[in-house]
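Enquirer: just a sequence and a predicted model for now, questions to come.
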Amino acid sequence: MKRSEINAFIRDADAFIRGHGFHLPPFAHWTPDEWRTQGPEVREIVERKLGWDVTDFNLGKYRQTGLLLFTIRNGNAKDLNSKPYAEKIMLVDIDQITPMHFHWHKTEDIINRGGGQLVIQLYNATPDETLADSDVTVSTDGVQRTVKAGDRVVLKPGESITLPPYCYHKFWGAEGKVLVGEVSAVNDDDTDNRFLEPLPRYAQIEEDEPPLYLLCTDYPDYYQLKP
């Protein structure tokens, strides 16, 4: 992805998020120069990869297969004294697919916070981590429901679904852009994503202009962890 594209997507997302009455924390708008001045007090942001995340899964077609996220809070799976939860806000466009995947460890609630509808396709995973043909049982806003393998659950604004580990899911927007929330156990995007078709989690970036705001993967280039 070109940095100029990422900057444009972040500008649009920031406006969309604000337009739905959702406000991001102050560090969402720190410039690269402001990041260079930060001290050890911001280690949690860096170590837990809080902040902006824009990915095309390195497929080069973000509008068709891509996702924009902002991680608001996150714990550390290796530190039992850290917070045991995470929260994200995401922007999903019409027919913009996040590819089929599951998490080995993370249970998550996916919430439609506003906009269009969020369509989620579901499968159980087999022991060898392919798609099972068994029925899928999930909870939607505290109501248990069972759907056939490959069926779609549609979340309207305000609705949510709980996805346990080893539940394959793929999602996209319908009838408008969707502001999507995620509340989950500790999030580890480096090791806890199992894509059905192997894909890199993060995009490779062509630096054709300076960053507007840093992605969570940019921090090492602008901030050195201090003791």
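Expert: Received the coordinates, thanks.
Enquirer: if I look at Trp104, how far off is Thr98?
Expert: Separation of Trp104 from Thr98 (CB to CB, to the nearest Å): 17 Å. From N, CA and C alone the C-beta is placed, and that goes for glycine too.
Enquirer: so which of those two has more stuff around it?
Expert: Neighbours per residue (other CB atoms under 10 Å) separate Trp104 from Thr98, with Thr98 holding more: 20 against 13.
Enquirer: which SSE is the more buried one in?
Expert: For Thr98, the element it lies in under DSSP states H and E is strand 98-102.
Enquirer: just checking: what are the partner strands of that strand?
Expert: Partners of strand 98-102 in the sheet, by DSSP bridges, are strand 167-185 (antiparallel), strand 194-195 (antiparallel).
Enquirer: okay, it in PDB with CA atoms only?
Expert: Output in PDB follows, covering the C-alpha atoms of strand 98-102 (Å, rounded to 0.1, in the frame of the first residue of the first chain):
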ATOM      1  CA  THR A  98     -11.900  -9.300   5.900                       C
ATOM      2  CA  PRO A  99     -10.700 -12.800   4.800                       C
ATOM      3  CA  MET A 100     -11.800 -16.100   6.500                       C
ATOM      4  CA  HIS A 101      -9.900 -16.600   9.700                       C
ATOM      5  CA  PHE A 102     -10.100 -17.700  13.300                       C
END
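Enquirer: picking up where we left off before, make CSV from the strands paired with strand 98-102 and add mean pLDDT to it.
Expert: CSV is the format used below for these (pLDDT from 0 to 100):
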stretch, mean pLDDT
strand 167-185, 98
strand 194-195, 98
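Enquirer: using JSON lines, lay out these together with mean neighbour count and distance to Asp56.
Expert: Listed next are the strands paired with strand 98-102 as JSON lines, based on neighbours: other CB atoms under 10 Å; distance: least, CB to CB, whole Å:
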{"stretch": "strand 167-185", "mean neighbour count": "20", "distance to Asp56": "14"}
{"stretch": "strand 194-195", "mean neighbour count": "16", "distance to Asp56": "13"}
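Enquirer: indicate which one of those is closest to Leu59.
Expert: Of all these, strand 194-195 sits nearest to Leu59, with 11.3 Å by CB to CB.
Enquirer: next structured bit after the closest one?
Expert: Following strand 194-195 in sequence order, the next helix or strand is helix 219-222 (DSSP H and E).
Enquirer: list the buried residues in that next one.
Expert: Across helix 219-222, burial judged by 16 or more other CB atoms under 10 Å covers 219, 222.
Enquirer: and what of stretch 155-168?
Expert: 155, 157, 160-163, 166-168.
Enquirer: now do the end-to-end distance for it.
Expert: One end of stretch 155-168 sits 17 Å from the other (CA to CA, to the nearest Å).
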